[in-house]
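Trainee: heads up, no residue letters with this:
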């Protein structure tokens, strides 16, 4: 059974940094990608960053480019999201996602086969 487990979310102040972790178990995603999304109540899930497992190529949405960094670790299988200069508008539930295969739509939630349960990040002003 595939599981993605996120951790690291908590209450921080504006300007702080935070590192989220996501550990995958049950299979590897060496032929696919892992990504981070976030969601605010009442809004659609928003793509943040993705990393292609084999090549390490990364993708970011414009709003977090330069502030957030996605990275991976082979053992255990996991991805991290380093978030710097956090803003109140970064407050959301952050989700880890994984795809078995590569598609050009790395930003689309439909491209991912497995999801974690989410971790809450709250940024106070």
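Mentor: Perfect, thanks for sending it. None of these values were measured; they are calculated from a predicted model.
Trainee: In this protein, what residue spans correspond to strands?
Mentor: For the chain, the strands defined by DSSP state E cover 3-7, 11-13, 18-25, 33-39, 46-52, 58-60, 68-73, 78-83, 92-99, 114-115, 119-124.
Trainee: so which of those strands comes closest to residue 107?
Mentor: strand 46-52 (4.2 Å; CB to CB). C-beta: built from backbone N, CA, C; applies to glycine.
Trainee: contact partners of the closest one?
Mentor: 32-40, 57-61, 64, 68-72, 79, 81, 92, 94, 102, 106-109 (CB atoms under 8 Å, 6 or more residues apart in numbering).
Trainee: returning to what we had before: let me have the strands of the chain in JSON lines, extended by mean pLDDT and mean neighbour count.
Mentor: Converted to JSON lines, these look like this (pLDDT from 0 to 100; neighbours: other CB atoms under 10 Å):
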{"stretch": "strand 3-7", "mean pLDDT": "95", "mean neighbour count": "17"}
{"stretch": "strand 11-13", "mean pLDDT": "98", "mean neighbour count": "13"}
{"stretch": "strand 18-25", "mean pLDDT": "95", "mean neighbour count": "19"}
{"stretch": "strand 33-39", "mean pLDDT": "97", "mean neighbour count": "24"}
{"stretch": "strand 46-52", "mean pLDDT": "97", "mean neighbour count": "22"}
{"stretch": "strand 58-60", "mean pLDDT": "97", "mean neighbour count": "17"}
{"stretch": "strand 68-73", "mean pLDDT": "95", "mean neighbour count": "17"}
{"stretch": "strand 78-83", "mean pLDDT": "96", "mean neighbour count": "22"}
{"stretch": "strand 92-99", "mean pLDDT": "97", "mean neighbour count": "23"}
{"stretch": "strand 114-115", "mean pLDDT": "96", "mean neighbour count": "18"}
{"stretch": "strand 119-124", "mean pLDDT": "98", "mean neighbour count": "16"}
